[in-house]
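S.K.: give me a 3D structure for the following:
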Amino acid sequence: MVLEKTVRTAPGYVRTLSQLEELPLLRDHLLRLDAESRHDRFNGFLDDSFIERYAARCAEDGTVIVAYIVDGVVRGAAELHPPEDDSLPEVAFSVEASARRQGVGTVLFRRLIAEARWKGYKRLRITTGAENHAMRALARKFGAHLAFRHGESTGTIDLAKTPEAELADLAAAPFTAGRALLSFNSTCWKLISSMYGNRAA
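M.R.: Prediction:
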């Protein structure tokens, strides 16, 4: 697991769930998704029983869940599924309507990539519905090359790219680059503070 366990973003925070938390918190979040969001997330599978089985499987197969939490309730989730056989590890995202347009997806995506790198993964696979424009835009923002096929968009993300290179790519967009650098510096200071704080204790 990555060193920084909690990232605060108003009005909630982002952290990786423990395995024991995954089933109730992820399940309840997915069940709260509206019909359109369920359709986008599961490519048409909408019934509660499917979602309950899906959440139970995630809690058992080593799936990493990075959650956006508000008042103890998961309002957004990024899933990192372990590879099966020769397939790539796969990522998936869902954000409830109340938490959208707040940058939650970007924070979840960034944290999930950090988790994937910590595990030593070199590439990730992402699949999203053809009509899920927000997810497709977010995936492209993080370097995914998507191809449309059979009603869905599928692509890969190359993790060999270093965080420094990712920040350099943002240089053409000063405002975005400034926000990224502030986030990067904030993370570094938090890590340094925690190290010295622990040493002092």
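S.K.: and residue 121, that one's in a strand?
M.R.: No. Residue 121 is assigned coil when assessed by DSSP: H, G, I helix; E, B strand; the rest coil, not a strand.
S.K.: and it, how far from residue 62?
M.R.: 13 Å (C-beta to C-beta, to the nearest Å). Quick note: C-beta positions are derived from backbone N, CA and C, even for glycine.
S.K.: more crowded one of these two?
M.R.: Between residue 121 and residue 62, counting by other C-beta atoms under 10 Å, residue 121 is the more crowded of the two (18 against 11).
S.K.: that one reaches residue 90, doesn't it?
M.R.: No. Using C-beta atoms under 8 Å, residue 121 makes no contact with residue 90, being 10.5 Å away.
S.K.: joint contacts of those two?
M.R.: Counting by C-beta atoms under 8 Å, 6 or more residues apart in numbering, the contacts common to residue 121 and residue 90 are residue 83.
S.K.: which stretches of the protein have low pLDDT?
M.R.: Applying pLDDT under 70 to the chain picks out residues 1-10, 45, 128-136, 142-153, 161-201.
S.K.: and the helices in the protein?
M.R.: If DSSP state H is used as the criterion, the helices of the chain fall at 19-32, 35-42, 48-60, 104-118, 133-141, 163-169, 174-200.
S.K.: between helix 48-60 and the second one, find me the angle.
M.R.: Orientation note: helix 35-42 sits at an angle of 40 degrees relative to helix 48-60 (axes from the mean of the first three to the mean of the last three C-alpha atoms, to 10 degrees).
S.K.: in helix 35-42, what counts as buried?
M.R.: Using 16 or more other C-beta atoms under 10 Å as the test for burial, helix 35-42 gives 37-42.
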